[in-house]
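Colleague: the sequence and its predicted three-dimensional model are supplied below.
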Amino acid sequence: MRLIADILLLLGAIFCFLGALGLIRMPDIYNRIQAGTKAATLGSIAIMLGIGMLYPEWWSKLLCIIGFLLFTSPVSSSVLARAVYLSGIKPWSKPKQPLKNSAGEKS
Amino acid sequence: MLNRLNLHHHLFLFSTMLLLWVLLTGSIAVDELIAGVIVAAVVSLISAPYITIFDGIRYSPMALISVFTYLGYFFIALIRANFDMARRVLSPSLPISPELLEVETHLESKLGQMLLANSITLTPGTLSVELRHNRILVHWIAAPEEGVSLEQATKDIATGFEKHISGFLK
């Protein structure tokens, strides 16, 4: 039980970290929203499940949190993306002739 | 006024409220349950005429089954999305070719369209940006270089979810 909880907590932390890394590495706001939303959602769910393993008496409230998280987090990111889109920001797209050596780093 | 559909609507609201109550109190002791039933009944009776978002729900045993298949499908997609995103973020060359494109949906109810848009946001490489009539504008992180038609994009992004969602929502 303890081991599963630790693994879940670690997994959640890793996904949250990857989300943060995605925020830094991605070239424009749409991609950043994508990286942030997905990683943060699964990361928080994994952390909630881990806490549930450690403290079984909290299961019901953690389930509530997971449910609300699943509904609100994509809505908030869609609203952000919609605001960005309506204010006329075009998405970044790959340069037509990518540079041979460092295609991804130049943006 | 309390016809069959309305009764289902009331029952659904009531059981949702009761479920929320039980989850929040975290106990199924008799006195807690009685208080919960009273509160849920009052809240659902008062608010039922104003809550229109649940209009599209299909009430049938088959619908319950498709809720569970949808949840299973959704969680698999969510986990795949995260590994996909991890791969893209960690690989040094940053393999993305983003594109804004539209997909079409046959779902009519507001709740169904919202659920579809949410699902699209949480699945591999896609983010719903704008919902207008029955078109969803999607930001796709790995769009094919040569461009893609509306039908193809719909098939790739939305159809899988739509099949499951249309089992329990109009």
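Modeller: Great, that's in hand.

Colleague: mind listing what's buried along the helix or strand bottoming out on mean pLDDT in chain B?
Modeller: Counting by mean pLDDT, DSSP states H and E, chain B has its least confident helix or strand at helix B:150-157, which shows a mean of 74. Using 16 or more other C-beta atoms under 10 Å in any protein chain shown as the test for burial, helix B:150-157 gives B:153, B:154, B:156, B:157. (Each C-beta comes from the backbone N, C-alpha and C, glycine too.)

Colleague: and those residues as CSV, adding distance to chain A?
Modeller: Shown next, in CSV, are these (distance: C-beta to the nearest C-beta, whole Å):
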residue, distance to chain A
B:153, 15
B:154, 18
B:156, 16
B:157, 13
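
Colleague: so how far is chain A from residue B:20?
Modeller: For residue B:20, the distance to chain A equals 7 Å [C-beta to the nearest C-beta, to the nearest Å].

Colleague: name the nearest residue to that residue, sequence neighbours excluded.
Modeller: residue A:64 (7.2 Å; C-beta to C-beta, 6 or more residues apart in numbering or on different chains).

Colleague: give me the residue at the spatial middle of chain B.
Modeller: Nearest to the geometric centre of chain B sits residue B:115, at 2.5 Å (C-alpha atoms, centre = their mean).

Colleague: how about the helix or strand that residue falls within and chain A, touching?
Modeller: Here residue B:115 sits within helix B:110-121, counting by DSSP states H and E. Yes - part of helix B:110-121 sits near chain A under the criterion C-beta under 8 Å from any C-beta of the partner chain, namely B:114, B:117, B:118, B:119, B:121.

Colleague: among the residues you listed, which one sits closest to residue A:11?
Modeller: residue B:121 (21.3 Å; C-beta to C-beta).

Colleague: what strand or helix carries the nearest residue to that closest one once chain neighbours are set aside?
Modeller: Beyond its immediate neighbours in the sequence, the residue positioned closest to residue B:121 (C-beta to C-beta, 6+ apart) is residue A:74, lying 3.9 Å away. Applying DSSP H and E as the criterion places residue A:74 in helix A:59-86.

Colleague: run through who's touching stretch B:32-40.
Modeller: B:14, B:15, B:17, B:18, B:21, B:22, B:25 (C-beta atoms under 8 Å, 6 or more residues apart in numbering or on different chains).

Colleague: count the neighbours of the closest residue to the third one other than its chain neighbours for me.
Modeller: Of all residues not flanking residue B:17 in the chain, residue B:40 sits nearest, at 3.7 Å (C-beta to C-beta, 6+ apart). Residue B:40 is surrounded by 20 other residues when neighbours are defined as other C-beta atoms under 10 Å in any protein chain shown.

Colleague: helix, strand, or coil at residue B:40?
Modeller: Put simply, residue B:40 is helix when judged by DSSP: H, G, I helix; E, B strand; the rest coil.

Colleague: give me the distance between it and chain A.
Modeller: 15 Å.

Colleague: again, but for residue B:49
Modeller: Distance, residue B:49 to chain A, by C-beta to the nearest C-beta: 23 Å.

Colleague: before we move on, back to that, tell me the buried residues in the helix holding residue B:115?
Modeller: Neighbour count says helix B:110-121 has B:111, B:112, B:113, B:114, B:115, B:116, B:117, B:118, B:119, B:120, B:121 buried, by 16+ other C-beta under 10 Å.
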